[in-house]
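Enquirer: Dropping the sequence and predicted coords here.
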Amino acid sequence: MLINLSSSPPSPYSLIKSPRQKPPISVFPLKPKTHISNFLSSPTFFSLQVSFHPKNQVFCDKIKYPRWKSTNFRCWAFSGFDFGGFESARSVIEAAAVLTAIIVVHESGHFLAAYLQGIHVSKFAVGFGPILAKFNANNVEYSVRAFPLGGFVGFPDNDPESDIPLDDENLLKNRPILDRLIVVSAGVIANVIFAYVIIFVQVLSVGLPVQEAFPGVLVPEVRSFSAASRDGLLPGDVILSVNGVELSKTGPSLVSEIVDVVKRSPKRNVLLKIERGDRDFEIGVTPDENSDGTGRIGVQLSPNVKFTNVRPNNLFQALNYTGKEFWSLSSSVLDSLKQTFLNFSQSAEKVSGPVAIIAVGAEVARSNIDGLYQFAAILNLNLAVINLLPLPALDGGSLALILIEAARGGRKLPLEVEQRIMSSGVMLVVLLGIFLLVRDTLNLDFIKDML
């Protein structure tokens with residue numbers, strides 16, 4: 001399964017070209033699954049697609065937003081885990097907890113849909129691999145496993161150790177088509193509901209961040225010993241014009257305009273009109289030259305916006321805010337997914353696994369609580385949307401098989417055919433998962449420092 005966090009509103013850009021700069025992150029989650037009668041499992045590998053305009057990709061380095069808007073997941077750089085302090089470690093734990101909670105909610109959807117219909121369930125597991133802890137209740141084994149990157153709900157349908165007769169009407173495979181459709185789709189429904197609840201809690205507790213745009217482009221950070229630092233730019237400055245051209249309008253395109261001018265002007269003076277506090281003045285900056293002949297000045301840029309939190313006055317207004325935000329995030333997820341498939345040749349190399357998504361989540365958690373709410377909501381919506389794709393090893397693949405059975409007048413495909421279809425995706429998932437885990441781990445900064 002693919003989890004795509006790409007969105008469309010403003011994103012900061014960096015005019016710092018680092019020799020160890022990493023590409024934007026993507027998450028391609030896939031979930032191993034056996035035959036439908038055995039397991040329903042959550043994606044083991046998430047795909048976080050954080051995209052921005054291709055022509056500016058080389059400038060994306062690091063992002064710091066003062067506040068979060070619903071679609072600010074545009075350009076997070078994969079800087080890796082920083083275990084330098086308690087707060088950093090806590091943010092990693094918070095991100096991992098969000099990911100685990102989403103998986104638990106997904107699997108709980110499958111479990112409850114089966115349990116409430118009287119369908120036999122044999123296992124509920126969080127994680128994969130060796131069992132760390134377990135207990136049994138009502139003939140169900142609940143376990144926590146060594147690798148908390150997914151989970152599964154097990155059914156005794158084809159379990160050779162089960163003493164349930166094969167013709168028992170409460171085995172999942174023997175239930176009517178509608179009952180099975182409910183069980184298989186319940187994980188997706190649970191994630192959609194969970195996303196709505198997360199947004200509702202955010203609206204009530206901290207409110208929704210609303211941005212107000214101002215003319216110019218903000219300079220949040222200036223790298224030491226860079227051209228910008230050498231020529232007098234300071235963090236917090238606002239660029240109002242470039243080479244005499246006023247940046248009077250607002251919007252993310254302003255950042256691109258400055259980026260393009262600097263790229264085209266290596267070792268040539270660029271005149272910037274700066275607002276610093278209540279003073280306006282001009283500074284000449286001479287960009288250094290990159291190895292590819294483009295210019296760089298060593299600053300981070302972002303749209304000049306300020307964020308304030310808006311909280312509802314009553315329950316009706318809270319529901320109204322939640323509905324609008326939920327629809328906005330859902331539309332963003334669907335749109336970014338469409339763009340991913342339309343430009344898959346470009347986005348395939350941006351695929352990453354759970355290590356990357358936790359790294360991004362940790363960075364979000366370090367910023368503020370608003371971002372963590374939005375991060376969790378978007379992950380849920382991504383998981384829901386992509387899990388519906390009719391691909392082997394996804395819930396959508398299982399749903400497709402059930403719908404084919406319905407179209408055939410209730411005649412199932414031969415068991416061997418179904419197992420081949422599902423198992424064809426499992427091997428690809430496992431290989432891709434191993435590749436992503438290794439690659440993303442090696443891309444972490446502290447790992448690179450040790451190598």
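Expert: Received, thanks. Residues are numbered from 1 along each chain as shown.
Enquirer: looking at this protein, which helix or strand is least sure?
Expert: strand 13-14 (a mean of 37; mean pLDDT, DSSP states H and E).
Enquirer: Assign a three-state SS to Val192, would you?
Expert: helix (DSSP: H, G, I helix; E, B strand; the rest coil).
Enquirer: How about it, nearest residue that isn't a chain neighbour?
Expert: In space, and not counting its chain neighbours, Val192 is closest to Ala384: 4.8 Å by Cβ to Cβ, 6 or more residues apart in numbering. C-beta: built from backbone N, CA, C; applies to glycine.
Enquirer: Distance of Leu204 relative to Ala190?
Expert: 21 Å (Cβ to Cβ, to the nearest Å).
Enquirer: neighbour-wise, which of these two wins?
Expert: Ala190 (24 against 14; other Cβ atoms under 10 Å).
Enquirer: Quickly note the distance from the more buried one to Val183.
Expert: From Ala190 over to Val183 the distance is 12 Å, taken as Cβ to Cβ.
Enquirer: try Gln202
Expert: Distance, Gln202 to Val183, using Cβ to Cβ: 30 Å.
Enquirer: next one: Pro160
Expert: Relative to Val183, Pro160 is positioned 22 Å away (Cβ to Cβ).
Enquirer: what do you get for Ala356?
Expert: Taking Cβ to Cβ as the measure, Ala356 falls 31 Å from Val183.
Enquirer: quick one, helices of the stretch 151-300 of the chain?
Expert: For the stretch 151-300 of the chain, the helices defined by DSSP state H, counting those that start in this stretch cover 177-205, 227-231, 253-263.
Enquirer: would you turn the ones you listed into JSON lines with distance to Gly244 and mean pLDDT?
Expert: Listed next are the helices of the stretch 151-300 of the chain as JSON lines, based on distance: least, Cβ to Cβ, whole Å; pLDDT from 0 to 100:
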{"stretch": "helix 177-205", "distance to Gly244": "44", "mean pLDDT": "95"}
{"stretch": "helix 227-231", "distance to Gly244": "17", "mean pLDDT": "91"}
{"stretch": "helix 253-263", "distance to Gly244": "11", "mean pLDDT": "88"}
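Enquirer: Adding distance to Ile297, write these out as TSV.
Expert: Below are the helices of the stretch 151-300 of the chain laid out as TSV (distance: least, Cβ to Cβ, whole Å):
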stretch	distance to Ile297
helix 177-205	37
helix 227-231	4
helix 253-263	6
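Enquirer: who wins for proximity to Met427 among those?
Expert: helix 177-205 (21.6 Å; Cβ to Cβ).
Enquirer: other SSEs contacting that closest one?
Expert: strand 39-41, helix 86-115, helix 315-342, helix 369-387, helix 395-407 (3 or more Cβ pairs under 8 Å, 6 or more residues apart in numbering; DSSP states H and E).
Enquirer: Following the chain past the longest one, name the next helix or strand.
Expert: Later in the chain than helix 86-115, the nearest helix or strand by DSSP states H and E is strand 123-137.
Enquirer: what comes into contact with that following strand?
Expert: With contact meaning Cβ atoms under 8 Å, 6 or more residues apart in numbering, strand 123-137 is reached by 32, 44, 100, 103-104, 107, 111, 140-154.
Enquirer: can you list the weak-confidence ranges in the stretch 151-300 of the chain?
Expert: The stretch 151-300 of the chain contains residues with pLDDT under 70 at 248-252.
Enquirer: Cool, thanks, talk later.
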